[in-house]
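>>> what follows is a predicted protein model with its sequence.
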Amino acid sequence: MLGSPAFQRVATRCFLTRPIARRRARALFDLVAGFTYSQILTACVRIGLLDLLARGPLGLATIAQRIDLPLEGAERLLRGAAALGLVERCGANWILGSQGAALRGNRGIAEMIAHHHLLYADLADPVALLRRGGGGGRLSGLWPYAESAGRGGGEAVAAYSALMAASVPMIADQAIDAYPFRRHRALLDVGGGEGAFLAAVGARVPDLRLALFDLPAVSERAFARFEAAGLTPRTRIFGGDFLVDPLPQGYDILSLIRVLHDHDDAPALALLRAAYDALPPGGTLFIAEPMAQTSGAEPAGDAYFGFYLLAMGSGRPRSASEIRAMIKAAGFSRSRVVQTAMPLTASVVIATR
Ligand SMILES: CC(C)=CCC/C(C)=C/CC/C(C)=C/C=C/C(C)=C/C=C/C=C(C)/C=C/C=C(C)/C=C/C=C(C)/C=C/CC(C)(C)O
Ligand SMILES: C[S@@+](CC[C@H](N)C(=O)[O-])C[C@H]1O[C@@H](n2cnc3c(N)ncnc32)[C@H](O)[C@@H]1O
């Protein structure tokens, strides 16, 4: 019925159903045209338009000169960006729009946008990507651990580690608000990257001992961060491969922040078993990542992360209940979901050994 042109005609004409028909048409149009919106956003970030307008209102000619575009190109971009709420016209000038201001409030979003050209290239032929089972493209080159057995040395991990460190504040604050880490003595962050999450926890929970486990080339990058944050005396850094090496013991809480969804089911389950083995009885496993089927954030899970991880070459977004079932299979006695303030970026599941 919804697809019938006759029904659509009637629904569009009748004053009672017209608002619904318009809303539905707009939502469908956004689905059809979303990639052009994303590319306008990419242009704004790459060219520095939002940073420029954050400093104050400017006229078209000045903007065009500062972002090095011809007058017509600058106007086309400004008008497109205004239609998306990124900028706004204010008399004869242009200012930051509400979405542009929200975006600038969070450096991680701009960093994500800046690396999306890799995903965009891989998604140019989504059917081919699905047929070959994912990976093998530009994005998988950024994440050497997803497809390559060697997992990459210093240079290979630098780009993704910096990207993760820039975007982890979006998740860290919510994770720390959602759970009283002060209850614990010692936290081991598994797949902890350059230590940005631990540094954030360390700043909020003064007496907690902190430890990081990641691939050797990644974990080395954490020394400088801990030193700069004055955290060296209460931190330890372990280099290793969590799919091969046992995890260090002596920690009453282990965290997996944006780690589980990177891995296919068999290695993900092996990782949960390794966490179980490393924890003492009564110990806690803390999992934070964007999850599938999260109410109000459905497209972020199975659409965005579903296809992101497909292009990356391993893993899949899982729902909280799928994660809880895996946790149970790994031996944990109980688990629960904890609400976060922004489930779009991360949900939390906590398990007890
Ligand atoms: C003043 C009056 C009258 C009213 C105020 C109205 C009001 C309440 C306005 C709200 C203003 C406000 C607080 C806005 C806040 C906006 C926020 C917080 C927006 C946040 C957006 C977050 C986004 C878009 C996050 C995007 C994240 C992405 C794309 C993350 C990608 C992550 C990747 C690719 C991770 C990869 C890791 C891997 C490989 C999968 O493991
Ligand atoms: C998506 S990043 C998340 C980093 C950090 N937890 C965060 O949220 O910013 C996944 C992390 O897992 C690490 N990792 C992947 N495979 C690994 C393995 N087999 N052994 C140890 N660490 C691994 C990566 O090096 C990377 O730092």
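Ah, there it is. Ligands and ions are numbered 1, 2, ... in the order given.
>>> make it CA atoms for all contacts and neighbour counts henceforth
OK.
>>> check the gap between A61 and D265 for me.
Look at A61 and D265: by CA to CA, to the nearest Å, they are 55 Å apart.
>>> ok, now G192?
In terms of CA to CA, G192 sits 20 Å off from D265.
>>> wait, isn't A81 in contact with R89?
No. Using CA atoms under 8 Å, A81 is not in contact with R89; the gap is 10.4 Å.
>>> neighbour count winner among these two?
Set A81 next to R89 and count neighbours by other CA atoms under 10 Å: A81 wins out with 24 against 16.
>>> got the residues of the stretch 1-150 of the chain near ligand 1?
Contacts of the stretch 1-150 of the chain with ligand 1, taken as CA under 6 Å from any ligand atom, map to 102, 109, 112.
>>> as TSV, those residues with distance to Y308 would be great.
Formatted as TSV, these follow (distance: CA to CA, whole Å):
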residue	distance to Y308
A102	23
I109	15
M112	12
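>>> mark which of those residues are buried, thanks.
I109 (16 or more other CA atoms under 10 Å).
>>> which strands and helices sit next to the lengthiest helix in the chain?
With DSSP state H setting the assignment, residue counts place helix 18-47 as the longest helix in the chain. Contacts defined by 3 or more CA pairs under 8 Å, 6 or more residues apart in numbering; DSSP states H and E place helix 18-47 against helix 5-13, helix 71-83, helix 107-122.
>>> can you give me the strands for the protein?
For the chain, the strands defined by DSSP state E cover 58-59, 87-90, 93-96, 186-190, 209-214, 235-239, 253-257, 284-289, 334-338, 347-352.
>>> so what are the domain limits for the protein?
Following automatic domain parsing, one gets these domains for the chain: 5-105, 110-352.
>>> quick one, which of those domains is packed in tightest?
Of all the domains of the chain, domain 110-352 has the most neighbours on average by mean count of other CA atoms under 10 Å, namely a mean of 18.
>>> so how far is the first residue of it from its last?
Counting by CA to CA, you get 36 Å between the two ends of domain 110-352.
>>> quick one: distance of it to the chain centre.
Put simply, domain 110-352 sits 10 Å off its chain's centre (CA atoms, centre = their mean, to the nearest Å).
>>> and that domain, what's its mean pLDDT?
In this model, domain 110-352 has an average pLDDT of 95.
>>> now check that domain, is it near ligand 2?
Yes. Applying CA under 6 Å from any ligand atom, one finds domain 110-352 touching ligand 2 at 145, 164-165, 168, 191-193, 214-215, 218, 240-243, 257-259.
>>> helices - which of those land there?
The helices, defined by DSSP H, take in 145, 164-165, 218 from those.
>>> which one of those is nearest to ligand 1?
When these are compared for distance to ligand 1 (CA to the nearest ligand atom), M164 wins out at 6.9 Å.
>>> for that closest one, which residues are in contact?
By CA atoms under 8 Å, 6 or more residues apart in numbering, M164 lies in contact with G193.
>>> which parts of the stretch 251-353 of the chain sit against ligand 1?
258-259, 262.
>>> correct me if wrong: L215 contacts D241.
Yes. With contact defined as CA under 8 Å, L215 counts as touching D241 (5.6 Å).
>>> next up, the contacts around whatever residue of the stretch 251-353 of the chain ends up closest to ligand 2.
Proximity to ligand 2, evaluated over the stretch 251-353 of the chain using CA to the nearest ligand atom, is greatest for I257 at 4.2 Å. Applying CA under 8 Å, 6+ apart to I257 gives the contacts 189-192, 287-289.
>>> now, among those residues, which is nearest to I327?
Comparing the contacts of I257 against I327 with CA to CA places I287 closest, at 10.3 Å.
>>> quick check: the closest one vs A229, distance?
24 Å.
>>> next: A222.
In this view, A222 and A229 are 11 Å apart by CA to CA.
>>> then I176?
Separation of I176 from A229 (CA to CA) stands at 18 Å.
>>> how about the contacts made by the nearest residue to the residue of the stretch 251-353 of the chain closest to ligand 2 once chain neighbours are set aside?
Spatially, and ignoring its direct neighbours in sequence, I257 is nearest to A288 (4.9 Å; CA to CA, 6 or more residues apart in numbering). A288 sits next to 171, 175, 255-258, 346-349 when contact means CA under 8 Å, 6+ apart.
>>> swap the cut-off to 7 Å and go again
Applying CA atoms under 7 Å, 6 or more residues apart in numbering, we find A288 in contact with 175, 256-258, 346-349.
>>> again with S161
For S161, the contact set (CA under 7 Å, 6+ apart) comprises 193-194.
>>> on that earlier part again, off-centre distance for the longest helix of the chain?
Using CA atoms, centre = their mean, the offset of helix 18-47 from its chain centre is 21 Å.
>>> what's the average pLDDT for that helix?
Here the average pLDDT along helix 18-47 is 95.
>>> now the angle from it to helix 107-122?
Angle, helix 18-47 to helix 107-122, by axes from the mean of the first three to the mean of the last three CA atoms, to 10 degrees: 100 degrees.
>>> the ones in helices among the residues of domain 110-352 next to ligand 2 into a markdown table, with extra columns for distance to L2?
Formatted as a markdown table, these follow (distance: CA to CA, whole Å):
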| residue | distance to L2 |
| --- | --- |
| Y145 | 45 |
| M164 | 42 |
| A165 | 45 |
| V218 | 52 |
